[in-house]
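Participant: Below is the sequence, then the predicted model.
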Amino acid sequence: MDLKVLGWNSDYETYFQQHYGQGYVPGRVTVEHKRIYRVLTEQGEILAELKGKLRYAATGREDFPAVGDWAALSLREENRGLIHGILPRKSKFSRKAAGNTTEEQMVAVNIDTVLILNALNGDFNIRRLERYLTMACESGAYPVIVLSKADLCEDIEEKLLQVEAVACGVPVHVISSIKGEGLQRIEQYMGIGKTIALLGSSGVGKSTLVNTLTGREAVRTQEVRAGDDRGKHTTTYRELHVLPGRGVIIDTPGMRELQLWCSEEGIQDAFDDIEEIATGCRFKDCSHDKEPGCAIQQALVEGLLEESRWLSYKKLQRELLFLQGKQDQQARIAVKKHHKAISKSIKQVSKNKY
């Protein structure tokens, strides 16, 4: 396996210099299971575990390998290996883990282009697209919107206009994987050493697109429900696939619960039309409610800003504030536990000394 095909470059080569002297080899994580990883190396695919010291030193999810990571490995017999370190990431798409816990779930890392798929059938959803776009803008990768299943839509132009109204300059492409239409527009984001990731809810056609681009049935597909065009979870885990001569593609499971794990910048980028309008407010600290000279309220009255988009923006802002509050609380608890552990250790040392 030529690592350059997988995205290896001079930056990673520089990062890896400290590992060569220890006899380690580089590899890229293609699948993440509970405690074992499938990794592609120059010697082929291996199954690798995380070194105990690395697992013990981890303070959060970002300290563990994710699909797309470059790792430093020692090789064993029978295609086995041990992960000793993870190279710095150039991009990362994360979301808040499902449930009540405030934890990060890394979907894919070291991505060049994020393809956000939104089906043009009955599951078409502008508000969900805004949420994906917000998180993609935060990832550090180049976001692209792909409107799939054009063969099942009779009002493509109308829906395309709706999407372009919220895309804020992000490229939008219409495709049909079944008919092979529009796929040449996706080719421009592919190439040797390039990594693209597919994101979107279940049933938008991610697995079908992967199979079309790889030229084989790399992923199993299923029909969507007839009642509401909602998809079933065909892909159950994230996986990196090699595209012959065209780089790699990361397929991800459908995410119906997509909670934010980002900063203010992600929302500002995804809603830069609203941010631009707000610069016209009379007061810099305008809450955009009842203040005189509010440019946002004026835009709503004049129809220059759709109320549904404004409400979506405010909802994401509230969600981000809540998340930041939970993160701050967890950070305070972690610091308190750390200081308590240090104090306990000092007392134990003093006790043993005297």
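Facilitator: Here it is on my side, so go on.

Participant: Only C-alpha atoms from now on, for both contacts and neighbour counts.
Facilitator: Noted.

Participant: So which elements touch the particular helix or strand that has residue 84 in it?
Facilitator: For residue 84, the element it lies in under DSSP states H and E is strand 80-86. With contacts defined as 3 or more C-alpha pairs under 8 Å, 6 or more residues apart in numbering; DSSP states H and E, strand 80-86 has these neighbours: strand 44-50, strand 70-75.

Participant: Kindly recompute the last result at 10 Å.
Facilitator: In terms of contacts (3 or more C-alpha pairs under 10 Å, 6 or more residues apart in numbering; DSSP states H and E), strand 80-86 is packed against helix 10-20, strand 25-32, strand 37-41, strand 44-50, helix 52-57, strand 70-75.

Participant: Kindly state the domain boundaries assigned to the chain.
Facilitator: Split into domains by automatic domain parsing, the chain comes to 10-86, 92-251.

Participant: residues contacting the residue nearest to the spatial centre of the chain?
Facilitator: The centre of the chain sits closest to residue 93, judged by C-alpha atoms, centre = their mean, with a distance of 2.4 Å. Residues in contact with residue 93 (C-alpha atoms under 10 Å, 6 or more residues apart in numbering) are 105-111, 114, 135-141, 197, 199, 261-262.

Participant: In strands, which of those appear?
Facilitator: Using DSSP state E, the members of the contacts of residue 93 that fall in strands are 105, 106, 107, 108, 109, 114, 197, 199.

Participant: picking that back up, tilt between the strand holding residue 84 and helix 10-20?
Facilitator: Put simply, strand 80-86 runs at 110 degrees to helix 10-20, going by axes from the mean of the first three to the mean of the last three C-alpha atoms, to 10 degrees.

Participant: neighbouring contacts of strand 80-86?
Facilitator: Residues outside strand 80-86 that contact it (C-alpha under 10 Å, 6+ apart): 15-16, 19, 24-28, 36-39, 45-55, 63-66, 69-76.

Participant: What's the ChimeraX syntax to select whichever of those are buried?
Facilitator: Entered in ChimeraX, the line below selects the buried ones among these, by 16 or more other C-alpha atoms under 10 Å:
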select :16,19,24,25,26,27,28,36,37,38,39,45,46,47,48,49,50,65,66,69,70,71,72,73,74,75
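
Participant: So for residue 293, which of the helices and strands packed on strand 80-86 sits nearest?
Facilitator: Each of the helices and strands packed on strand 80-86 has some distance to residue 293 by C-alpha to C-alpha; the shortest is helix 10-20, at 49.8 Å.

Participant: That closest one to strand 25-32, inter-axis angle?
Facilitator: Taking the same axes, to 10 degrees, one finds helix 10-20 and strand 25-32 inclined to each other by 110 degrees.

Participant: Enumerate every residue touching residue 52.
Facilitator: Contacts of residue 52 by C-alpha under 10 Å, 6+ apart are 82, 83, 84.

Participant: how near is the last one to residue 206?
Facilitator: Meaning residue 84. 33 Å (C-alpha to C-alpha, to the nearest Å).

Participant: So the two - more neighbours on which side?
Facilitator: residue 206 (31 against 18; other C-alpha atoms under 10 Å).

Participant: Next, count neighbours for the residue lying closest to that one once chain neighbours are set aside.
Facilitator: Excluding its sequence neighbours, the residue lying closest to residue 206 (C-alpha to C-alpha, 6 or more residues apart in numbering) is residue 198, at 6.3 Å. With neighbours defined by other C-alpha under 10 Å, the count for residue 198 comes to 24.
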